[in-house]
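Student: Structure for the following, please:
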Amino acid sequence: MSLLNPFNKRPGLNTATILLVENEEQFQQSLANVLVEETAVTVNVRLAKTLPLPMKNDESRPRIDLVVFIINLTLDKSVKSAKASLKYLDPGYFLGKVCFMVTNARQALGCTGRLDAVRQLAVSLHCPVLFAEDQTPEGVTSSARRLLTILKVASGLVPNTTALYLSNLTRCAMPPDIDQPSFD
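Tutor: Residues are numbered from 1 along each chain as shown. Sure thing, here's the model as predicted:
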């Protein structure tokens, strides 16, 4: 299995490609349907349960501008699947071309360990974490709008802005532990 590389193919003119990776495929399809309705640019949406992607489609696969790991906080398998898939991404993707989208945070209020694990993963990789409401059409539309903003920057469609610059503005940061003493 080979690594998915962000710079091995030429970009399409006025085109952006997003890869949605979700183990359960619950939110993935509804989000994809909203994303392809974008009219300002051509948005190609690719869906995957996990990485690596099959090698047989490698030649026909377009350049992937943004990889989104959709993590359902109510399922421990979702977090583990995202962690396992990360090793199949080229390090170039972690320069503003990867983000985590967390769903069902309200239902998982008792499971703060999973949210902390996702946040620690995002901090270690300098990636943003987006929270999404997947139960309502308005929530799906709002999530798609936020992803489109990041996708346009990651694919180079926004002048004078790079994915690395946007990544520095939106990356996840862990707050200092409250129990630790302050030396101020």
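Student: which intervals of the chain have sub-threshold pLDDT?
Tutor: Along the chain, segments meeting pLDDT under 70 span 1-2, 110, 171-184.
Student: Sketch out the strands for it, chain order is fine.
Tutor: Applying DSSP state E to the chain gives strands spanning 15-21, 42-48, 66-72, 98-103, 129-132.
Student: contact partners of the fourth one?
Tutor: Residues external to strand 98-103 that are found in contact with it (C-beta atoms under 8 Å, 6 or more residues apart in numbering): 26-27, 66-73, 82, 89, 115, 118, 121-122, 125, 127-134, 143, 147, 150, 170, 172. C-beta: built from backbone N, CA, C; applies to glycine.
Student: could you dump it to CSV, C-alpha only?
Tutor: Extracted C-alpha coordinates of strand 98-103, given in CSV (Å, rounded to 0.1, in the frame of the first residue of the first chain):
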residue,chain,number,x,y,z
VAL,A,98,-6.2,17.5,6.8
CYS,A,99,-9.0,18.2,9.3
PHE,A,100,-11.1,16.3,11.7
MET,A,101,-14.9,16.7,11.8
VAL,A,102,-16.5,15.5,15.1
THR,A,103,-20.1,14.4,15.2
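Student: Next, the angle from that strand to strand 15-21.
Tutor: Strand 98-103 and strand 15-21 meet at an angle of 50 degrees, taking axes from the mean of the first three to the mean of the last three C-alpha atoms, to 10 degrees as the criterion.
Student: Give me the buried subset of the contacts of strand 98-103.
Tutor: Buried residues within the contacts of strand 98-103, counting neighbours by 16 or more other C-beta atoms under 10 Å: 26-27, 66-73, 82, 89, 115, 118, 121-122, 125, 127-134, 143, 147, 150, 170, 172.
Student: Next, the closest residue to A108 other than its chain neighbours: phi, psi?
Tutor: The shortest distance from A108 to any non-neighbouring residue, by C-beta to C-beta, 6 or more residues apart in numbering, is to L73 (3.7 Å). The phi/psi pair for L73 (degrees, to the nearest 10) reads phi -70, psi -20.
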